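Asker: I'll drop the sequence and a predicted model, then ask my questions.
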Amino acid sequence: MKINLKFLLLLLMTSAAQANSVTGVPSFAVECPGKFLVQADQDGPVMINNKEADTKAINDRHFEAKGSGITLSIVLADDDSVAVTSTGKAPNGVCQSVDD
């Protein structure tokens, strides 16, 4: 019985840890208007100023992330480049790539 409870708890924790991982999210690092730093590893999660954003797939090349009062549109182009735009409490606009 204890083994079943431990397994169930482990399964629930694993699901919660991957809640905002979205298959297909590209790896990128950009700075958006209003000095918002946005980063993502391949397949997410998307982080806005080091806080995890709620991310969803619109289709296999377009994603939306919300958090910290802004909404991001993340588009993966045919050449695999990434374009990120932001709307919300900060000035709206195109986010610029940052070097690691």
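Answerer: Everything's here; your move. Every value quoted in this text rests on a predicted model; they were computed, and no experiment measured them. Residues are numbered from 1 along each chain as shown.

Asker: now do the strands in the chain.
Answerer: Under the criterion DSSP state E, strands of the chain are mapped to 28-32, 36-40, 46-48, 51-52, 54-59, 62-67, 70-76, 82-88, 93-94, 96-97.

Asker: which of those is buried the deepest?
Answerer: strand 46-48 (a mean of 22; mean count of other CB atoms under 10 Å). To be clear about C-beta, it is placed using only N, CA and C from the backbone, and glycine gets the same treatment.

Asker: hmm, back to that, make TSV from the strands of the chain and add mean pLDDT to it.
Answerer: Compiled in TSV, the strands of the chain are given as follows (pLDDT from 0 to 100):
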stretch	mean pLDDT
strand 28-32	97
strand 36-40	96
strand 46-48	96
strand 51-52	96
strand 54-59	95
strand 62-67	96
strand 70-76	96
strand 82-88	96
strand 93-94	96
strand 96-97	96
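
Asker: tell me which of these lies nearest to residue 22.
Answerer: Among the strands of the chain, the nearest to residue 22 by CB to CB is strand 54-59 (4.9 Å).

Asker: distance between the closest one and the chain's centre?
Answerer: Distance of strand 54-59 from the chain centroid (CA atoms, centre = their mean, to the nearest Å) equals 8 Å.

Asker: same thing with stretch 80-87?
Answerer: Distance, stretch centre to chain centre, for stretch 80-87: 12 Å (CA atoms, centre = their mean).

Asker: want to throw the strands of the chain into TSV with distance to residue 21?
Answerer: Shown next, in TSV, are the strands of the chain (distance: least, CB to CB, whole Å):
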stretch	distance to residue 21
strand 28-32	15
strand 36-40	10
strand 46-48	10
strand 51-52	10
strand 54-59	8
strand 62-67	12
strand 70-76	14
strand 82-88	17
strand 93-94	26
strand 96-97	22
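
Asker: so residue 34 touches residue 92, yeah?
Answerer: No: if you go by CB atoms under 8 Å, residue 34 and residue 92 don't touch, sitting 9.2 Å apart.
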